[in-house]
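In: Pasted the sequence and its predicted model underneath.
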Amino acid sequence: MEKSQPEHLKSAGLKSTLPRLKILDLFTSGQDRHKSAEDVYKQLLASGDDVGLATVYRVLTQFEHAGLLVRHYFEGGKSVFELNEGKHHDHIVCLQCGHVEEFYDTTIESRQKKVAAELGFAVHDHSLHIYADCTKTKCPHKPKGA
């Protein structure tokens, strides 16, 4: 059975305050899984919630330390957060607009382990970030003429 927002917070050792509940809800119910602090702040403002930017940063950091969120530092942009669902995946990031997609590829995973073993290493963890240009027509920063 899926945990409720207050149960997620309680199991992470955090009290259920209104800002925490609203911010957690953005990550559990939103379509965009990767959000910067500024994204969260703008979404809260747009929905009429009176939560300051400093509070957003503080709550995101608390969620990261509690293991509810994972922070990624992608090149060429701000750090972004995503809900920690405990499943490994890699990321591809658009260098033009910052859009992030997740993917998991068994061939890439096994190849990385094979290379590590050939070099005398045992992989404990890894992260793969691919940086590319978005080819989607909806990319707001797509180069003209492309």
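Out: On my side now, so go ahead.
In: now stretch 36-46, how far from the centre of its chain.
Out: In terms of C-alpha atoms, centre = their mean, to the nearest Å, the centre of stretch 36-46 is set 14 Å apart from its chain centre.
In: Give the buried residues for that stretch.
Out: 36, 37, 39, 40, 41, 43, 44 (16 or more other C-beta atoms under 10 Å). Glycine gets a C-beta too; all of them are placed from N, C-alpha and C.
In: Same check on stretch 21-29?
Out: In stretch 21-29, counting by 16+ other C-beta under 10 Å, buried: 22, 23, 24, 26, 27.
In: Format the residues you listed as a markdown table; extra columns: pLDDT and secondary structure.
Out: Shown next, in a markdown table, are these (pLDDT from 0 to 100; DSSP: H, G, I helix; E, B strand; the rest coil):
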| residue | pLDDT | secondary structure |
| --- | --- | --- |
| 22 | 92 | helix |
| 23 | 93 | helix |
| 24 | 91 | helix |
| 26 | 93 | helix |
| 27 | 92 | helix |
